[in-house]
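>>> Show me the folded form of this:
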Amino acid sequence: MSQSRYLHEYQKNAVNGASPLQLVLMLYDGALRFMEAGKRAMEAGDLEAQNKNLQRAQRIVLELTSCLDMEQGGEIATHLFSLYSYVLNQLVEANVNDDPGGIDRSMQVLSDLRSSWDSLSKSLSPEPEERQRAA
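Numbers count the residues shown, from 1 in each chain. Prediction:
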């Protein structure tokens, strides 16, 4: 089995065994990674890689948007929808106008959101001693 095949299997197992909060964090990580790659490509003048990476980041943000439950999520879902819409707009504008500032603004928003979700995930996970007792 090739190394890329092993990596694919590892990633698949990580996703399949992840909690919903961990999946959200993985989506944020992926979007941020693609934004960073898109920005590097933009700075290098590689329009194809820029477009590919920024579109991948956009698809992840669209996935995050589609997961929002606007009925049950109330005000939080509404605010997240607005933030995701802003990020999508910034990414499109950045890609069309070769504006790294739009990528930076998008990355800042998603980094802040990721930090909040990470804090929530940690506050909901059992402490290490509780996990040992449960085992």
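
>>> Can you tell me the closest non-neighbouring residue to the most centrally placed residue in the chain?
Nearest to the geometric centre of the chain sits Tyr28, at 1.8 Å (C-alpha atoms, centre = their mean). Spatially, and ignoring its direct neighbours in sequence, Tyr28 is nearest to Arg114 (3.9 Å; C-beta to C-beta, 6 or more residues apart in numbering). To be clear about C-beta, it is placed using only N, CA and C from the backbone, and glycine gets the same treatment.

>>> Next, work out how far apart that neighbour and Thr65 are.
Using C-beta to C-beta, to the nearest Å, we find Arg114 at a distance of 15 Å from Thr65.

>>> what do you get for Leu88?
Distance, Leu88 to Thr65, using C-beta to C-beta: 8 Å.

>>> In contact with the nearest residue to Tyr84 once chain neighbours are set aside, which residues?
Computed as C-beta to C-beta, 6+ apart, the closest residue to Tyr84 that is not its neighbour in sequence is Thr65, at 4.5 Å. Contact analysis of Thr65 by C-beta atoms under 8 Å, 6 or more residues apart in numbering lists Phe81, Tyr84, Ser85, Leu88.

>>> Can you list the helices and strands that the biggest helix by length in the chain packs against?
Among the segments of the chain that qualify as a helix by DSSP state H, the longest is helix 70-97. Here helix 70-97 touches helix 20-44, helix 47-66, helix 100-124, going by 3 or more C-beta pairs under 8 Å, 6 or more residues apart in numbering; DSSP states H and E.
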